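Visitor: this one's structure only:
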């Protein structure tokens, strides 16, 4: 069923096909998190931080821009997963460069780091908050 | 009686739809504007990265909008969407003026999707289709075009509910509640209290899943039932979106889908008037 829905989406010209899934047929079953860290000239690394995550606001059922960030992140991670079987080209993939760009922008702000690395984790929400590393990027030199 | 009188006239029904869709667009524009820093070249909605891909793929259409797509100009585009939506919502306008306004919203929504903003959701997509239909309706401004537009919006609504309902019906993990449990336990889309409660009474998952499947699949017949039953169904649908907003944080869906409801009421009125 998943493959048939993918075929429909292939012809969904920029979202003009009236097609809404409401988490069907297979909903996301894991929380995905995007972490970054900076590494300075001495090789010391900072703590992993989440650059895209923002706290849910009290009135989130009316006003929830955070959900758009989460959606963007999920889409990038989903696109990146397609390259996990063939990691040779992953550094040149669009989602990798996009996430690296976000990580670079955030780490550059601290002024101490010379290198940057990002990581994607997954966990089963409230059931088990232990993060499992889904993908760890290479260490990239900042300009 | 109110529903019968208001939604018998296609022109008036389309006017109500355009106001609700504008309200939905106001909320979406304000949310995008609040995320302004993520549109910067180093943000998750950066155009600079998409531009590399556009150049690689020789996407001349995307590159021709480079001036509009870059930061901070993209925010100005979203701001104009907000102003136009406010004008549609607050001010009585001629059909020609509404056509231009709707066309602007439809085109700018298309441009923002084309630019490659990944944060677009199903509610934005629904609004985009509605704006496109309303543009055509107000541009031609004749009764039969309003009628065709309303039928199309009704079709869109039926498809939007029936597709996920049918997909759930064909998957046994929805029948036994496994997938609902998987969603509720998530920090992103779930709710800790509801998940803990449902885990204590596990049949809750099955009951809610089956109610959801029945509700979504029933949209296929709802257009033919008497008007008061249709109103009850639409109240349930609005409740469904409100619960989704409270539990899962899907706050854009209630307004985006509320904009479609006048069309199905009009279609129902027309069917009952004909037979």
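Guide: Alright, I've got the coordinates. Model, not experiment: these values are computed from the prediction.
Visitor: mind showing which ranges of chain B have poor pLDDT?
Guide: Judged by pLDDT under 70, chain B has its weakly predicted residues at B:1.
Visitor: Against the centre of it, work out the most remote residue.
Guide: residue B:200 (34.4 Å; Cα atoms, centre = their mean).
Visitor: burial count for residue B:239?
Guide: 12 (other Cβ atoms under 10 Å in any protein chain shown). Bear in mind the C-beta positions are built from the backbone N, C-alpha and C, glycine included.
Visitor: And residue A:136, by the same measure?
Guide: As a burial measure, residue A:136 scores 12 neighbours (other Cβ under 10 Å).
Visitor: tell me the phi and psi of it?
Guide: Residue A:136 has phi and psi values of phi -120, psi 130 when expressed as degrees, to the nearest 10.
Visitor: Which strand residues bridge it?
Guide: residue A:119 (DSSP bridges).
Visitor: separation between the spatially closest residue to residue A:84 that is not a sequence neighbour and chain B?
Guide: In this structure, residue A:84 finds its nearest non-sequential neighbour in residue A:135, 6.7 Å apart by Cβ to Cβ, 6 or more residues apart in numbering or on different chains. According to Cβ to the nearest Cβ, to the nearest Å, residue A:135 and chain B sit 17 Å apart.
Visitor: With residue A:69 instead?
Guide: In this structure, residue A:69 and chain B are 6 Å apart, going by Cβ to the nearest Cβ.
Visitor: ok, now residue A:48?
Guide: For residue A:48 relative to chain B (Cβ to the nearest Cβ), the value is 17 Å.
Visitor: what's near enough to touch that residue?
Guide: Residue A:48 makes contacts with A:35-37, A:119, as judged by Cβ atoms under 8 Å, 6 or more residues apart in numbering or on different chains.
Visitor: Report the buried members of these.
Guide: A:35-37, A:119 (16 or more other Cβ atoms under 10 Å in any protein chain shown).
Visitor: and the gap between residue A:87 and residue B:52?
Guide: Applying Cβ to Cβ, to the nearest Å, the value for residue A:87 to residue B:52 is 21 Å.
Visitor: Same drill for the two, tell me which one is more crowded.
Guide: It is residue B:52, of residue A:87 and residue B:52, that has more neighbours when counted by other Cβ under 10 Å, with 14 against 10.
Visitor: Distance-wise, check the more buried one relative to residue A:52.
Guide: 20 Å.
Visitor: quick check, residue A:38 in a strand?
Guide: Yes. Using DSSP: H, G, I helix; E, B strand; the rest coil, the assignment for residue A:38 is a strand.
Visitor: and it, how many neighbours does it have?
Guide: Counted by other Cβ under 10 Å, the residues lying close to residue A:38 total 24.
Visitor: Give the bridge partners for it, please.
Guide: With DSSP bridges as the rule, residue A:38 is bridged to residue A:116.
Visitor: wait, what's in contact with it?
Guide: Counting by Cβ under 8 Å, 6+ apart, the residues that residue A:38 touches are A:45-46, A:107, A:110, A:112-113, A:115-116.
Visitor: any idea which element whatever residue of chain A ends up closest to chain B lies in?
Guide: Closest to chain B within chain A is residue A:105: 2.2 Å, counting by Cβ to the nearest Cβ. If you go by DSSP states H and E, residue A:105 is part of helix A:94-108.
Visitor: same check, this time on residue A:133
Guide: Assigned by DSSP H and E, residue A:133 falls in strand A:128-136.
Visitor: next SSE after the lengthiest helix in chain B?
Guide: The longest helix of chain B (DSSP state H) is helix B:143-169. From helix B:143-169 onward toward the C-terminus, using DSSP H and E, the following helix or strand is helix B:172-175.
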